[in-house]
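In: Got a predicted model here, sequence first, then my questions.
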Amino acid sequence: MTETGLWISDVNHSYEGKQVLHGVNFNVPAGKVVALLGPSGCGKSTILRAIAGLIVPDQGRITLDGRDLTRVAVRDRKLGMVFQNFALFSHMTVAENIAYGLAGLPKAERVARVERLLDLVRLRPFAARFPPRLSGGQQQRVAVARALATDPAALLMDEPFGALDRALRSELQAELVRMQEDVGITTVMVTHDQEEAQAVAEQLVVMNEGRVEQVGSPEEIYDNPASLFVNGFIGHANRIPATVTGPSRLKARDETELGFNRALNFRPGSEIVVTCRPEDLALSTRPEQGAFAARFDRAVMMGPLLNIEATLPEGSQFKAQVPRDGTARPDRGQTIWLRPNPARLQVFPAPQA
Amino acid sequence: MIRKDTLLAWPMIAFMVLFFLAPLLLLLGISLRGAEGGWGIGNFVAFLDDPFERGVLVRTLLLGAKVTGLVSLLALPLVMLYWHAGPRLRGVILVCALLPMLTANVVRTFAWVVILGRNGPISQTMLALGLVDRPFSLLYTEMGLIMALAQIELPLLLLPVFSVLNRADRATLDAAEVLGAGRWRAWFSAIFPQIIPAVLAGWVLVFASATTSYVTQSVIGGARLIYLPRFVYREVGVLFQWPSAAAISILLLISTGIIMLGLTMLARHERLRAHG
């Protein structure tokens, strides 16, 4: 049976003696968008270049719709790629750029295909322009059209919105989603921007230091992070170092005791880190059971919400997001109590020091 | 009104006016002086009317073109090597390319006198290989002169091209390969357009330098091969024909100027401007 979609199996790679990919495994279902997400230097671009064939990984296999790509030369892989700075040929017009990969086709067919792509990315009036004369968003669309022109088996995108300003990004992200749905092409996108990944991709692959930390839908990754790293990288996570005291009880450094509604997979006495999303904290100006005392630093209004920054007695920063319910804001330096929702807490083993 | 931000440019402008523009205007003035006093373009007409003298101008411009052509042929493999080389080899190539520039022009020229001579390595090697029957000399031939000038002026083309290659955008090359282009097509569509402005700048330098290299032209070209710089020198130093020499200088300036202007305008073409 041939597996459809893109499969990355046990890929290892070293660069100048330093291992940058450690047994990377994930797959992209046919016709879906997957985002490789991680901080810079986590190996996500290296994986993308390995899929494109711009580097040959030391070990591992890359297959696309059952075809083993690992030993296939770049130019024979028949993939489309959008580069970070678009890498357009600035001495060629928009139409010539789009036609670049179509050299083997008869002229009439080539012209017809270029016109269809110009319509797809809505750049027909700009066909005769040179790329440096276009705006960043238009250049990005030329790059996408050029990559799709060859009817590739998969589309690879390296930080496709990285060179654009923020206001333009969300608009183009929506456009990309629309286009991807039209074309239905298997797509891998590399990004360091979690909002971008969540906006465009159906599945995220979170990477750190050359390893895949977690694969899952944006909701799975946000709600059930597999590691402390993923928890802190996707959204904000307040960290509370604590010790397990019972089957579903633990005690934080500041002696605050927390009860869980589920059993902890840790032996009593284990050092752990509990994390809590800002929106899962409730604010109170009076001491409460299961709440952390903290010094109020400042609050920033954001629409219907209030973003609160506070400092715990041991010095760690806490962020909380609460509804603006009309009550008076605490004063700077005043003690407040932040009570986490036990059902939404995540527990991880304490990182090795 | 003098704008504040142009203030720093004024010493340079004053220097250029005083020592470049003023002498040039003086030269133009002298060139318009008639032989028996009075003013006119007689000197120009006389030069262009004489088939021999006109031939010297044409030969000088052709020399520039031939040297530029040979320099380009020599530079191409070096540029390719430089592009594919790692940082260490790039350093070595750069130093090798620069070496000729670190030697005085007269020394370089006399080294070529030895190389091109009857007992020089070229003649002796070909003799030893049985390619020729007797030793020969390339000295005082245009072929020898073109070879010498090409070697001396190679760095003028290489340096601007190397500097562009150092900051060339490799992503376009990757893009071309992903789109299915073969090695050569990828290089010529991704990297070559980026270096064209540098190539044109290099050609301007090589051409200007080859057409005006008085020392090399005189020493290797000898007395039989006359080019314009030496012709001007003869007018001034031997015949004391200042107005005529001035007119010839102006003509050389105009004709090389037109060629350089053409190359520069080519570099401003819309297809190339992005890389300039």
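Out: That came through, no problem. Worth saying up front: this structure is predicted, and the values here are computed from it rather than measured.

In: State the helix or strand in which the residue lying closest to residue B:248 once chain neighbours are set aside lies.
Out: Among residues not flanking residue B:248 along the chain, residue B:232 sits closest, at 5.3 Å (Cβ to Cβ, 6 or more residues apart in numbering or on different chains). No exception for glycine: its C-beta is placed from N, CA and C like everyone else's. Residue B:232 belongs to helix B:228-233 when assigned by DSSP states H and E.

In: Ok, residue B:47 next?
Out: Here residue B:47 is assigned to helix B:42-49, by DSSP H and E.

In: So what touches the helix holding residue B:232?
Out: B:53, B:56-57, B:60, B:211-214, B:217-218, B:221, B:245, B:248-249, B:252 (Cβ atoms under 8 Å, 6 or more residues apart in numbering or on different chains).

In: ok, now stretch A:256-270?
Out: A:242-252, A:272, A:274, A:290-293, A:340, A:342-343, A:345, A:347, A:349-350.

In: Kindly write the PyMOL command that selects the buried subset of the residues you listed.
Out: This is how PyMOL selects the buried members of those, with burial counted by 16 or more other Cβ atoms under 10 Å in any protein chain shown:
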select buried, chain A and resi 242+244+250+252+272+274+291+292+293+340+342+345+347
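
In: coming back round to it: now, among the contacts of helix B:228-233, which is nearest to chain A?
Out: Looking at the contacts of helix B:228-233 and their distance to chain A, the nearest is residue B:211, at 29.8 Å (Cβ to the nearest Cβ).

In: count of neighbours near that closest one?
Out: When neighbours are defined as other Cβ atoms under 10 Å in any protein chain shown, residue B:211 has 25 of them.

In: Run a quick neighbour tally on the residue nearest to residue B:40 when sequence neighbours are not counted.
Out: Once flanking residues are discounted, residue B:40 sits nearest to residue B:34: 5.2 Å by Cβ to Cβ, 6+ apart. As a burial measure, residue B:34 scores 12 neighbours (other Cβ under 10 Å).

In: residues in contact with residue B:34?
Out: B:40, B:42-43, B:243.

In: want to throw the residues you listed into TSV with distance to residue A:126?
Out: Formatted as TSV, the contacts of residue B:34 follow (distance: Cβ to Cβ, whole Å):
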residue	distance to residue A:126
B:40	56
B:42	57
B:43	55
B:243	58
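
In: Return the closest of these with respect to chain A.
Out: Among these, and counting by Cβ to the nearest Cβ, the member closest to chain A is residue B:43, at 44.8 Å.

In: So for the closest one, what's the pLDDT?
Out: Looking at residue B:43, its pLDDT stands at 89.

In: sorry, back to before: Provide a ChimeraX selection command restricted to the buried entries of the contacts of helix B:228-233.
Out: Remark: buried members of the contacts of helix B:228-233, expressed as a ChimeraX selection using 16+ other Cβ under 10 Å:
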select /B:53,56,57,60,211,212,213,217,218,221,245,248,249,252
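
In: And the furthest pair within the contacts of helix B:228-233?
Out: B:53 and B:213 (20.0 Å; Cβ to Cβ).

In: Which ones among the contacts of stretch A:256-270 lie within strands?
Out: A:242-246, A:249-252, A:272, A:274, A:292-293, A:340, A:347, A:349 (DSSP state E).

In: Touching, residue A:213 and residue A:232? I think so.
Out: No - contact criterion Cβ atoms under 8 Å: residue A:213 and residue A:232 do not qualify, at 10.9 Å.

In: out of the two, which sits in the busier spot?
Out: Just comparing residue A:213 and residue A:232: by other Cβ under 10 Å the higher neighbour count belongs to residue A:213, 22 against 15.
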